[in-house]
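Trainee: Need coordinates for the below:
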Amino acid sequence: MSDAITTRRAPRPLRAVLALATSAALLAPAPAAAWETTTHAGLAEQAALAARLDAHLRALGWSGGLFEPLTVPKADAPELLAALALHSPVHGYTPDARGRQHALGWLMAGSALADATPAWAANHFFDPATGHGWRAPRSARLRSRLRAASAPDRGVPAVEWVTSRDNPLALSGFLDQYEKAVAAATPGERGRHLAGALIAAGAMLHALGDLAVPSRVRGDGAAHHERVGNDELDRGSRLERLAALAWGRLGVPAAPRVIRLPRLRAYFTSLPAGPAGPAGPAAGEAPADRDGAEPGLADWAARSWFSPGTLPRPVDVGVTARDALGAALVSSLRRPAPAVPRRLNLMAASQERGATLRDAAGVCQARYRVDHGRLSWWLDDDCLLEQAAAILPVAASYQAGLLDHLLRGTLAVTVDGGGAAIAVGGTGLGAGTLTILVEDARGVRTAALTVEVTGGARGAALGRAPIPAGARRVVGLFRGVDEAGEPVVAVGAIVPPAP
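Mentor: Now for the predicted structure:
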């Protein structure tokens with residue numbers, strides 16, 4: 001086993017990442033506002049429950065499951081703890097003075113820290129119609145305000161950010177910390193690294209969950225600079241603010257299902273990555289699902305909802321012939337989806353409160369009104385609240401699937417005749433490194449075997465090693481790729497029977 005696994009040095013997501021300019025970073029203006037912090041914490045919590053994170057942790061020896069206390073010493077991560085100290089303890093993810101809190105709290109902490117700087121926040125956008133991430137609005141006034149807030153003009157698309165080398169809370173950070181949470185020598189070290197893995201996982205859930213917001217996937221940066229409070233500087237997305245006010249953290253809806261997809265990228269978009277980045281359809285075209293598979297979250301949100309800046313253009317219905325009205329309505333769309341029916345209730349729309357366009361499930365997509373022969377569209381708070389109620393459970397379902405995907409690697413461990421055998425668990429594995437660890441009565445783990453393996457399908461034997469008498473736990477650890485070539489850490493553990 002390499003020194004990198006057993007070292008006592010602070011883990012990367014606890015040192016490099018979390019070297020935050022704490023007070024300035026966490027109070028940064030738009031585009032830092034995402035689903036607001038309480039919403040993201042609630043989404044991460046619901047994802048953990050749906051993905052059965054509690055059972056997974058218990059199976060690996062963390063008897064407290066989601067409520068296993070994990071400590072990150074202040075000396076290891078002073079910036080991290082200082083950043084979290086800016087949040088109220090009532091939010092449920094602020095560690096105590098010792099740097100101690102439960103596992104679920106660390107997952108939520110990662111979701112809260114994911115957009116802690118304007119530069120990070122700008123990387124939580126992805127338009128599947130163009131492949132672009134954040135683009136600052138064209139308005140010179142808005143650009144000036146964003147520059148004053150140190151916000152970049154462009155951001156890395158979220159689908160690329162979660163695997164970027166520049167992101168210390170990306171997939172590589174999660175895998176590094178998860179590996180060490182299994183292989184580190186002492187319980188204290190393993191707990192510290194598990195906290196690091198959960199922080200990185202929470203940040204990835206945040207990046208995915210943001211793509212359920214229509215304006216983030218329809219190139220509508222201006223929607224994130226709306227005035228949402230009494231203070232002139234209180235700006236952000238109105239949909240996201242309304243969700244925070246209506247549901248808080250504890251009211252975030254549960255995930256009705258766990259969406260399982262074969263690759264990490266597929267949770268974000270169905271579109272493949274090209275040699276120079278996302279290979280999306282031509283601008284204005286609707287993303288298409290491949291082979292009838294579940295769409296990525298960005299694809300679903302982009303074609304299901306309008307955003308304030310991508311509503312249909314006004315139409316002069318008073319001077320448009322009846323037989324040409326359908327074509328005029330289609331031409332008014334800025335994007336082909338969501339579609340507008342060729343016949344609208346223009347009589348109802350002529351009344352003061354207008355009429356409502358609803359989707360197949362009856363959820364408000366937009367309001368429309370005819371005034372002096374001109375048809376126009378808008379989104380009011382009641383319509384946005386209906387949308388948020390429909391969007392949040394979908395976001396939680398995708399996030400639960402992503403968390404399940406991160407933890408998909410399992411190993412089957414058996415003990416007989418003084419030896420331990422390791423086989424592939426539920427997910428087929430490719431090439432990688434297998435380590436068999438033995439835990440003694442003090443909870444200290446040492447490597448009994450480290451070997452390169454070629455992997456195999458479910459049930460394939462990977463390796464075997466003798467184990468000493470008195471071993472309290474035997475743990476298998478694999479770091480490599482799965483059968484689809486995706487990076488993975490696979491683990492399994494067993495308590496040997498008493499002699």
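
Trainee: Low-confidence ranges, the stretch 1-150 of the chain, go.
Mentor: By pLDDT under 70, the low-scoring segments of the stretch 1-150 of the chain are 1-34, 140-150.

Trainee: Where do the helices of it begin and end?
Mentor: For the stretch 1-150 of the chain, the helices defined by DSSP state H, counting those that start in this stretch occupy 3-6, 12-15, 22-26, 37-50, 53-59, 78-85, 103-113, 118-121, 140-148.

Trainee: cool, the stretch 351-499 of the chain as well?
Mentor: Under DSSP H, counting those that start in this stretch, the stretch 351-499 of the chain gives helices at 381-406.

Trainee: I'd guessed residue 193 sits against residue 184; true?
Mentor: Yes - here residue 193 reaches residue 184: they are 5.7 Å apart, a contact under Cβ atoms under 8 Å. The C-beta positions use only the backbone N, C-alpha and C, and glycine is treated the same way.

Trainee: Identify the residue nearest the geometric centre of this protein.
Mentor: residue 205 (2.0 Å; Cα atoms, centre = their mean).

Trainee: got the CA coordinates for stretch 257-272 in CSV?
Mentor: The C-alpha trace of stretch 257-272 is given here as CSV (Å, rounded to 0.1, in the frame of the first residue of the first chain):
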residue,chain,number,x,y,z
ARG,A,257,-37.1,7.2,-7.2
VAL,A,258,-33.4,6.7,-7.7
ILE,A,259,-32.4,7.4,-11.3
ARG,A,260,-29.6,5.0,-12.3
LEU,A,261,-27.4,5.7,-15.3
PRO,A,262,-24.3,4.0,-16.5
ARG,A,263,-21.9,7.0,-16.6
LEU,A,264,-21.4,10.0,-14.4
ARG,A,265,-21.8,12.4,-17.4
ALA,A,266,-25.2,10.9,-18.2
TYR,A,267,-26.7,12.4,-15.0
PHE,A,268,-25.9,15.8,-16.4
THR,A,269,-26.6,15.4,-20.1
SER,A,270,-27.4,12.7,-22.7
LEU,A,271,-25.1,14.5,-25.1
PRO,A,272,-21.6,12.9,-25.6
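
Trainee: can I see the domain layout of this structure?
Mentor: Per automatic domain parsing, the domain ranges recorded for the chain read 3-256+397-406, 312-378, 411-494.

Trainee: Report the mean confidence score over the shortest one.
Mentor: In this model, domain 312-378 carries a mean pLDDT of 92.

Trainee: swap in stretch 473-489?
Mentor: Rounded mean pLDDT across stretch 473-489 is 97.

Trainee: Okay, now it: how far is its last residue from its first?
Mentor: Stretch 473-489 has an end-to-end distance of 19 Å (Cα to Cα, to the nearest Å).

Trainee: Using neighbour counts, pick out the buried residues of it.
Mentor: By neighbour count with 16 or more other Cβ atoms under 10 Å, stretch 473-489 contains the buried residues 473-483, 486-489.

Trainee: which residue sits closest to residue 206, ignoring its sequence neighbours?
Mentor: Leaving aside its sequence neighbours, residue 206 sits nearest to residue 114 (Cβ to Cβ, 6 or more residues apart in numbering; 3.7 Å).

Trainee: Was I right to think the one you found contacts residue 169?
Mentor: Yes - the pair residue 114 and residue 169 passes the contact test of Cβ under 8 Å, sitting 6.5 Å apart.

Trainee: Touching both of these two, which residues are there?
Mentor: 203-204 (Cβ atoms under 8 Å, 6 or more residues apart in numbering).

Trainee: Please give the element, helix or strand, for residue 323.
Mentor: Assigned by DSSP states H and E, residue 323 belongs to helix 322-332.

Trainee: what's downstream of that helix, the next helix or strand?
Mentor: Criterion used, DSSP H and E; the element after helix 322-332 is helix 346-349.

Trainee: which other residues reach that following helix?
Mentor: 317, 354-355, 368-370, 375.

Trainee: Going along the chain, name the strands of the stretch 351-499 of the chain.
Mentor: For the stretch 351-499 of the chain, the strands defined by DSSP state E, counting those that start in this stretch occupy 355-358, 364-371, 374-378, 411-416, 419-424, 429-439, 445-453, 461-466, 473-482, 487-494.

Trainee: Perfect, that will be all.
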